[in-house]
Structures are given as C-alpha cells and as structure tokens.
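Visitor: Predicted structure and sequence below. I'll ask about it afterward.
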Amino acid sequence: MSLLAQAWQWLIDAQQYSGDGSIPIRLLEHLCFTFAALGLATLIAIPLGYFIGHTGRGALWVVGITGAARALPSFGLMLLLVLVLGVSARLWAAILALVILAIPPLIAGAYAGIQQIPRATIDAARAQGMTEWQILFHVEVPLSMPLVFGGLRGATLQVVATVTLVAYVGLGGLGYEIIQGIPLRRFDQTIGTAIVIVALALVLDALLAFATKLSVPKGVSAGRLADVRAKDAG
Amino acid sequence: MIRFDSVSKEYAGGTTAVKDFSLIAPTGSITVLVGSSGCGKTTLLRMVNRMVDPTSGSVFIDDTDVSLRNPVELRRSIGYVMQSGGLLPHKTVGDNIATVAKLRGVAKAQRAIRVRELMAMVGLEPELATRYPAQLSGGQQQRVGVARALFIDPNILLMDEPFGAVDPVVRAELQQELLAIQKRLAKTVLFVTHDIDEAFLLGDQVVILESGGHVVQKGTPAEIMANPASDFVEAFIGANRGKRSLHLSGEDNTIVVDGAGRVAGRLDSGR
Amino acid sequence: MDWFFDNIGLVLSLSLDHIRLSAIPIVVSFFVAVPLGWVAHRYAWSKPLVLTTVGLLYTIPSLALFMLIPALLGISVLSEINVVIALSVYAVAIMVRTAADAFASIDPAFLRSATALGYSESGRHYAVELPLAGPVLLAGIRVVSVSTVSLVTVGVLVGVPSLGFFFTDGFQRRIIPEVMTGVVMTLVIALLFDLLLVLAGRLILPWARIAEREHKQAIS
C-alpha cells in the first residue's frame, strides 16, 4: 500500500479519535499553544507597533527586527530557551520562543498599517482639534486594520508551524505524532498527522484572510469600487 | 482679527522658512497670502492654529497670544481647509463634517440638523451625507472640507490652497461660492494660494510674499495693480508681459486688447 | 566558547553541509519562480490561480511538508532529497509572489518604448523587463535565502544533518554552548548568503545603486 493510502487508513481509524494521544487532544493542545502565544504577542506587539507608527520614533528598529526574526531558526531558539530556563519550565520557555517569533510580524503590521495612511489625513485630523489619542483610536486604528490583520496572518503562520516542533521538548501538539513517529518508522501516523496539520494551517489562514477582508473600513473599499463616479461632477 | 508680530520660523538644520513677518488680517475680511512654493505662506497659516509654533515672535487672535492657548482647544475653535485629502476616508460625509462635534459628545439629532444646514450652504445635495469621500468628486470633497470647517461657526477660517487640486471650471465655482458664503457670514479668512488671479478675486487684502516670508507688497488688489512695488511684483502679477496693461481697440473702441496684442475682452457699456 | 573551538571541525563540516542544502533551493526558486511569476503577471487570468496555489503551499508547516512530499513523490522520508525538495517548494512559494509583483511594478511605458525601438517580445523580456524587475527580484531572493537557511535546521528531524544537528544533540546532552553554536552559525551563514546576494546585485544591477543613492540624497 502506498504511503498516502496507509496514512489515510490511519486517519480514518476510530482509534485515533479517543484517548490521551488522540487527534482531537493533540489538535486542542496545538490550538492552545497557538492562541496563548499569539495572544501574548499581540498584547506586546500591537501597542508597540502603534507607538512607533504614530510617533515615528524607533522606525529603523522595526525593519531591523523583522529581518533578524526571519533569520532566527525557531527550532534552535526554542531548544535554547528550554535549556536556559530549565527543562521543568519548558512550557514557558516554549511559549516565550513562540512569542518572540510572533512579535516581529505583528509589529510590522501595526507599523505599516499606520504608515500607509496618507499624512494629509492625519494632519487634517490634528488640525481639526483631535487629541493624539483621538487620532490614534478614531483614525489610525480603523485605517490600519487590514495590515494589522495581515501581520496577524503572518504571525499565525509562523506560530502554527513552530508549535509542531514543541513536541520535541516533551510538550504536546500535533507535532508530537510526527516527531515520535519518525524513529518508529510509523509513517502512516506521521503522514496522517501531517495532513491534519495542513488542514489546520489552511483553515486558520483562510479565516484570517476573511477577517482581513472584513476589516477594510467601508469607506475605503467603497472608494475602490467607485470607478463609475463622474469625474469632477462638481 | 489675526496679528502676526515679528514671527520667524527656523528649522533644525538651518532652513529659515519665515523671517521677521508681521501682518494684521482684519476681522471679517479675506486676507490672501500669495507667493510661489517655499515662500513660507503655508507655514505662516499653520502658525495660527499652532500646527507650527514660531521660533520667535508671536501670533495673536483678538489680542490673545495663541501660544497661551491649549492647541487642541484652539484648533477646535478655528476652521481649517486644506488642499486635498483631509477627509477621513472611513467616515461618511456627514460624519466627516461633524467630526469634532461627535468627539465632543454633541447629540446626534443636533449634529444632523447642523450637517444639513452646512451641506445646503456649500451646495451639496443632502443624499450625499451617507456617502463616503471616495465616492465624491474632487470638487464635492472640497465642499465637504469647507462645510466641516464651518461646523462650529468659527470666527476664523484658515484655507491652505483649498481649490488647487480641482480643475479650473470647478475652481471658479468654488471661488464664487466662497465669496457668497463670506458675504453672508463675514468670517476672518486667511487664505493661501500661489495663484495671483485667485488672490485678486478673493482678497480684500493681498499680501505678496517672497522666500522667507518676506512681504514684497501688500494692499488691495486695485492698489497692487495700480502701483506694483517692484519688478518682482510686476512679473508676479503678469504685468511685465503686457498682460495687465489693457487698452481699447477695434471698431467703436469696444474690444479690450492687452499690451501684447492679445484680445482680452469686450467693454461692458452697462457698468 | 570552549565548546566551539573543541568541536570546530564538526562545526565547519556541518556548516558546509548546511550551505549546500540551502543553496540548491535558493537557486531552484529563482529559475522556477521568476518564469512562473512572469506568467502569472502576463496572463492575468492565471494570476489568482497561481498565487492562491503558492499561498497555500506557503502555509504548510515545514515538518508537515517533510512528511507529505515523500508520500506524494514516493521518495524516502529520511533523505536529503526530501528536505531539498520541500525547501525548494517553500522558496518557490515565497518567490513567485515577489516575481509577479516585480514585473507588475515596471512602468508599461518602458516596455512600449522597447517595442517601438524594435525589440522582439523575448528580446524585450531579457533586455528590458528582467533588468527592470531586478531590484525587486533581488529583495525577494534575499528573503528566500534567509528563510531557507533557517528552515534547513528542521531537517535534522528527518535525519538530514545540518547545523540543526547542534540543536538536537546539544539539547539531548544539555550542552547550551552547542545549541548556541548552532543558532549563531545559522545566523552567520544567513548573513553570508545575504552579503553575497547584495554583492551580486551590485554587479549585475549597477544602476539600481545609483538610483538608490540619488533617492537617499533627495529625501535627506
């Protein structure tokens, strides 16, 4: 039987859906890690990204950090942190590694989200007598949403992929079945799990793509469709 | 009344935008600052609502130094119209006009009434109130900008080349509408432009500027036309190429011709 | 640091393996993704199809890809070819979008004037389009390069040694300097590749540098 067929057999086997190491449990663990890391990263990165975007201070850092983050091998970072913080603290070490990886795309999204707003719009808002906080919440945040979601999408991708590796330090997640299955040559298990991981990644990405589309403020998308308006009808 | 008292603006790095500028813009009239790019006219305008603070000198509104006032509160009491953009793309036209009122918690019904009033005043159909700026033409967007500036019925209107980004036909319409509004409301208007014809059309007082905010000539359009103070002014108002020196010609002396022989118009015997 | 010097032989040998494993996907991505991206740009109907497909591929976590590629191609899981193919797929996925954007960013006026001068379509492509798309393509390859160098390390889980070996071995033996070495050397190689690409860019696209310099002067 081909590998793919074997994997399919494994996937549809009811045994995989009950008990401690079952697919639903692993899936749940995977999602918990993902959301915990993304949640923490968002709390840190979005305000920071907005601060840099609104005040313009530290803008060079954003470019540097996003570049450096892409170069950082996530697997190595996680193992390093687990060793440094101690194996008994490996849960927090893993989450810390995930947060570190998720922060750069989120900052970049928030920063770019504000930067792409025409300066004239912000200038006008200030000249009308909006306070800086009002400018942030009523102008910059709404207009930056699509790019912020874009950043979230990128961060989610990174995190979901890296969570597959946390199993290596004895934590759960879908990657566990793969990492455990390789030395045992249980390729039906590893490939079957890979299929589940791909499905998860695609679903999350599709949801975020949809959310990105929804987040475009109405007036902005209205403008893009308004090719039919008369040119300068007065 | 707006009074500039020896204001200067220097930027870090040595650029001097404005040097020692003084002017009184009288209450209830339109004062136009006109000059080419970089002469400092926009900088001066933006000193009035503290978007820019002078490095030395002071700006007074009715004898109160603006630097003593809270910038946010000051800006809310002044109407400001800019060249383009400036409307919040994610808010409807109605919400744009009532921007600050909404932030201050003015009741919805009250806002709606005022918005309707203002849209009528600037010549916008009421249905446009629920549209978004991107769905409007350039001319319509500028009218929204003016309506927004007039929302709280400010004494002072600052206008920064507000009609520069629309085509000449629309520009002419908007200029006439501004004059009509001014006739009704008699605001103190400080208007910036690089177009001398616009300055002559709108200004009760026209101030011609050179770089550094240096006043080359100021006065009524008639005064400037009659006695240009220098070659620069002559060139700037187009007098040096004969554009402004008109004489009668043709049968019955009814055709007006300029110094270069171009036909400029027809004598209106009824005026 | 002692560990590093004590094991320098192994460090260098695995670094070389790492370089070899990274280089192939990067090169492949250029020669596959650039034409693909051009097609997506040139034939607008294909664009959504191409971009969605590569977008989906990009979403797949590397470990999962290491499992699926053998399943689909019938090769061994624990093989170098598996890792190289998987990373090439990633690299192409990243690069196709960049390539499509690069070609889309060229002002059509340039192409029209080339045609008016007498260039054939293919001549125009090589003499005008590619060079003009160059800077953006270079930026894309730099991103691909950095990602690939980083991802090669995951290959250790399917038995393909690279600097990633220092991660797992160092972790199991609880030797922090070993894991550190792995991380740092990966970064060093990423930096090296990047410098090489920038240098290549300067040689192949000298005018881009002049434009960049003038742009910097203008905005300062």
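Guide: It's in. Here the structure is a predicted model, which means the values were calculated and not measured.
Visitor: middle-most residue in the chain, spatially?
Guide: Unless you meant another one, I'm taking chain A. Against the mean C-alpha coordinate of chain A, by C-alpha atoms, centre = their mean, the closest residue is A:Thr156 at 2.0 Å.
Visitor: Please refer instead to chain B.
Guide: Closest-to-mean residue, chain B, C-alpha atoms, centre = their mean: B:Phe191 / 2.3 Å.
Visitor: Could you look up the SS state of that residue?
Guide: strand (DSSP: H, G, I helix; E, B strand; the rest coil).
Visitor: So in terms of bridging, what pairs with it?
Guide: B:Val32, B:Met159 (DSSP bridges).
Visitor: Now do the same contact list for it.
Guide: B:Phe191 sits next to B:30-33, B:159, B:162, B:199, B:202-203 when contact means C-beta atoms under 8 Å, 6 or more residues apart in numbering or on different chains. Using the backbone N, CA and C atoms, a C-beta is placed for each residue, glycine as well.
Visitor: quick one: it from chain A, how far?
Guide: 15 Å (C-beta to the nearest C-beta, to the nearest Å).
Visitor: Ok, B:Ser269 next?
Guide: Here B:Ser269 is placed at a distance of 32 Å from chain A (C-beta to the nearest C-beta).
Visitor: How about the secondary structure of that residue?
Guide: Under three-state DSSP, B:Ser269 comes out as coil.
Visitor: what's the closest non-adjacent residue to it?
Guide: In space, and not counting its chain neighbours, B:Ser269 is closest to B:Thr254: 7.7 Å by C-beta to C-beta, 6 or more residues apart in numbering or on different chains.
Visitor: which residues does that neighbour contact?
Guide: B:248, B:266-267, B:269.
Visitor: likewise B:Phe232?
Guide: Contacts of B:Phe232 (C-beta under 8 Å, 6+ apart): B:210, B:216.
Visitor: Quickly find the element holding it.
Guide: B:Phe232 belongs to helix B:231-237 when elements are defined using DSSP states H and E.
Visitor: What residues of that helix count as buried?
Guide: B:233, B:236-237 (16 or more other C-beta atoms under 10 Å in any protein chain shown).
Visitor: could I get these as a markdown table with pLDDT?
Guide: Below are these laid out as a markdown table (pLDDT from 0 to 100):
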| residue | pLDDT |
| --- | --- |
| B:Val233 | 86 |
| B:Phe236 | 85 |
| B:Ile237 | 85 |
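Visitor: In three-state terms, how would the spatially most central residue of chain C be classified?
Guide: Nearest to the geometric centre of chain C sits C:Val144, at 2.5 Å (C-alpha atoms, centre = their mean). Assigned with three-state DSSP, C:Val144 falls in the helix class.
Visitor: Could you count how many residues lie near the closest residue to it other than its chain neighbours?
Guide: Spatial nearest neighbour of C:Val144, excluding adjacent residues (C-beta to C-beta, 6+ apart): C:Ala91 at 4.7 Å. Counted with other C-beta atoms under 10 Å in any protein chain shown, the neighbours of C:Ala91 add up to 28.
Visitor: what's the answer for C:Phe166, then?
Guide: Counted by other C-beta under 10 Å, the residues lying close to C:Phe166 total 30.
Visitor: again with C:Ile94
Guide: C:Ile94, neighbours per other C-beta under 10 Å, totals 21.
Visitor: Please list all residues in contact with it.
Guide: By C-beta under 8 Å, 6+ apart, the neighbours of C:Ile94 are C:29, C:33, C:58, C:140, C:143-144, C:147.
Visitor: Keep only those of those that are in helices.
Guide: The helices, defined by DSSP state H, take in C:29, C:33, C:58, C:140, C:143-144, C:147 from the contacts of C:Ile94.
Visitor: Export those as JSON lines, with columns for pLDDT.
Guide: Formatted as JSON lines, these follow (pLDDT from 0 to 100):
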{"residue": "C:Ser29", "pLDDT": "91"}
{"residue": "C:Ala33", "pLDDT": "92"}
{"residue": "C:Tyr58", "pLDDT": "90"}
{"residue": "C:Gly140", "pLDDT": "90"}
{"residue": "C:Val143", "pLDDT": "90"}
{"residue": "C:Val144", "pLDDT": "93"}
{"residue": "C:Ser147", "pLDDT": "91"}
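Visitor: How far away from the center of its chain is the helix or strand harbouring C:Ala116?
Guide: Per DSSP H and E: C:Ala116 is located in helix C:108-117. Helix C:108-117 sits 31 Å away from the centroid of its parent chain (C-alpha atoms, centre = their mean, to the nearest Å).
Visitor: Distance from the chain centre to the next helix or strand after it, please.
Guide: Once the chain leaves helix C:108-117, the next helix or strand it forms, by DSSP H and E, is helix C:121-124. Distance of helix C:121-124 from the chain centroid (C-alpha atoms, centre = their mean) equals 26 Å.
Visitor: buried stuff in helix C:121-124?
Guide: C:Arg124.
Visitor: Then stretch C:111-127?
Guide: C:111, C:114, C:119, C:124-125.
Visitor: next one: stretch B:29-47
Guide: Buried residues in stretch B:29-47, defined by neighbour count with 16+ other C-beta under 10 Å: B:30-35, B:39-47.
Visitor: hmm, back to that, most neighbours, which of the contacts of B:Thr254?
Guide: Ranked by the number of neighbours (other C-beta under 10 Å), those place B:Leu267 first, at 14 neighbours.
Visitor: May I ask which helix or strand encompasses C:Gly201?
Guide: Element membership of C:Gly201, judged by DSSP H and E, is helix C:176-204.
Visitor: Does that helix pack against any helices or strands, and if so which?
Guide: helix A:59-71, helix A:74-85, helix C:2-6, helix C:8-42, helix C:130-151, helix C:164-172 (3 or more C-beta pairs under 8 Å, 6 or more residues apart in numbering or on different chains; DSSP states H and E).
Visitor: contacting residues around the residue nearest to C:Val144?
Guide: Taking C-beta under 8 Å, 6+ apart as the test, what C:Ala91 contacts is C:25-26, C:28-29, C:33, C:144, C:147-148.
Visitor: can you list those in JSON lines and add distance to B:Leu174?
Guide: Converted to JSON lines, the contacts of C:Ala91 look like this (distance: C-beta to C-beta, whole Å):
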{"residue": "C:Pro25", "distance to B:Leu174": "59"}
{"residue": "C:Ile26", "distance to B:Leu174": "57"}
{"residue": "C:Val28", "distance to B:Leu174": "59"}
{"residue": "C:Ser29", "distance to B:Leu174": "54"}
{"residue": "C:Ala33", "distance to B:Leu174": "51"}
{"residue": "C:Val144", "distance to B:Leu174": "52"}
{"residue": "C:Ser147", "distance to B:Leu174": "53"}
{"residue": "C:Thr148", "distance to B:Leu174": "57"}
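Visitor: quick one: the helices in the stretch 51-200 of chain B?
Guide: B:71-76, B:93-97, B:99-103, B:108-122, B:138-149, B:168-185, B:196-202 (DSSP state H, counting those that start in this stretch).
Visitor: hey, least reliable of the ones you listed by pLDDT?
Guide: Confidence, taken as mean pLDDT, is least for helix B:99-103 of the helices of the stretch 51-200 of chain B (a mean of 85).
Visitor: How many neighbouring residues does whichever residue of chain B sits closest to chain C have?
Guide: Per C-beta to the nearest C-beta, B:Gly13 is where chain B lies closest to chain C, at 9.8 Å. A count of nearby residues for B:Gly13, using other C-beta under 10 Å, gives 6.
Visitor: Give me the secondary structure label for it.
Guide: Assignment for B:Gly13 (three-state DSSP): coil.
Visitor: can I assume C:Gly55 is in contact with C:Val92?
Guide: No: assessed by C-beta atoms under 8 Å, C:Gly55 is found out of contact with C:Val92, at 12.0 Å.
Visitor: and those two? which has more neighbours close in?
Guide: Between C:Gly55 and C:Val92, counted using other C-beta under 10 Å, the more crowded position is C:Val92 (24 against 15).
Visitor: Shouldn't the more buried one be within a helix?
Guide: Yes: counting by three-state DSSP, C:Val92 falls inside a helix.
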